[in-house]
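> sequence-free structure coming up:
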Ligand SMILES: O=C(O)CCC(=O)C(=O)O
Ligand SMILES: [Fe+2]
Ligand SMILES: [Mn+2]
């Protein structure tokens, strides 16, 4: 295991946010499989869930959730309208070989217009336990079509039990791999405009990653990966 420390210092409008440290521990284990299209997956009850075995499905039951069409096209557009101007000023980063993420640009945002604030309120209401202290700034990650996220576990020091993310612009596949037994994996089909939620076991005991376009298959079906923006809410450790 290797620790990767990424320090973000962002200006959002006139508000200077303090430095936020996203500490991810990147898994050094080799990819679970190279030819994903051959793999026999066990389908979950839900169309967005498949896994390496029935026991693994059982382990993550209740700890992973995908809500398809959680936001409307209008809401997706409202988010893009707020985010694109700031993102466009940045360049995608490809050359940090030791980063958890390849081909990305990112920002964080505390203040939102009313449409976005309302939908983020909905995200928080469904994702987090009542009264759970939340991380104020929302994390925005823009993955280039050639970009991908390597297996990692989000910092346990800075982030709490729950990670909730909206996917804009593209479908994608999120893979969870059990840290103690990499033959155990779970794939989540993150459709465009869906909300995913990772909780407890799924967030702490499994790494998560977003597959690169070449390997983007769900249950043997190709899922073309285009540019994708994720909008991620987290809570604080207790
Ligand atoms: O893009 C996503 O939905 C996940 C991002 C992620 O895993 C992270 O920023 O730690
Ligand atoms: Fe993560
Ligand atoms: Mn970097």
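In hand now; what should we look at? Since the structure is predicted, the reported quantities are computational estimates derived from the model, not experimental observations. Numbering: from 1, shown residues only. Ligands and ions are numbered 1, 2, ... in the order given.
> measure residue 68 to ligand 1 for me?
Counting by C-beta to the nearest ligand atom, to the nearest Å, the separation of residue 68 from ligand 1 is 15 Å. (Each C-beta comes from the backbone N, C-alpha and C, glycine too.)
> wait, residue 141 sits on residue 103?
No. No contact is recorded between residue 141 and residue 103 when judged using C-beta atoms under 8 Å, the distance being 10.8 Å.
> what are the phi and psi values for residue 123?
Main-chain torsions, residue 123, degrees, to the nearest 10: phi -60, psi -50.
> what about it, distance to residue 103?
Distance from residue 123 to residue 103, counting by C-beta to C-beta, to the nearest Å: 25 Å.
> center of the chain, which residue is that?
The central residue of the chain, meaning the one whose C-alpha is nearest the mean C-alpha position (C-alpha atoms, centre = their mean), is residue 165 at 5.6 Å.
> which strand residues bridge that one?
Taking DSSP bridges, one obtains residue 196, residue 232 as the residues bridged to residue 165.
> do you know the pLDDT at it?
Reading off the confidence values, residue 165 has pLDDT 98.
> show me what contacts it?
For residue 165, the contact set (C-beta atoms under 8 Å, 6 or more residues apart in numbering) comprises 190, 195-196, 230-233.
> tell me the one of these nearest ligand 1?
Of all the contacts of residue 165, ligand 1 sits closest to residue 230, with 3.3 Å by C-beta to the nearest ligand atom.
> surely the closest one touches residue 169?
No. Here residue 230 lies out of contact with residue 169, judged by C-beta under 8 Å, at a distance of 9.5 Å.
> who has more neighbours out of the two?
Neighbours were tallied for residue 230 and for residue 169 using other C-beta atoms under 10 Å; the higher tally belongs to residue 230 (23 against 18).
> what strand or helix carries the more buried one?
Residue 230 is part of strand 228-234 when elements are defined by DSSP states H and E.
> that strand near ligand 1 at all?
Yes. Strand 228-234 lies within reach of ligand 1 by C-beta under 6 Å from any ligand atom, at 230, 232.
> show me what that strand packs onto, helices and strands only.
helix 73-88, helix 114-127, strand 138-154, strand 162-168 (3 or more C-beta pairs under 8 Å, 6 or more residues apart in numbering; DSSP states H and E).
> give me the low-pLDDT residue ranges for this structure?
With pLDDT under 70 as the threshold, the chain has low-confidence stretches at 1-39, 97.
> that concludes my questions; thank you for your assistance.
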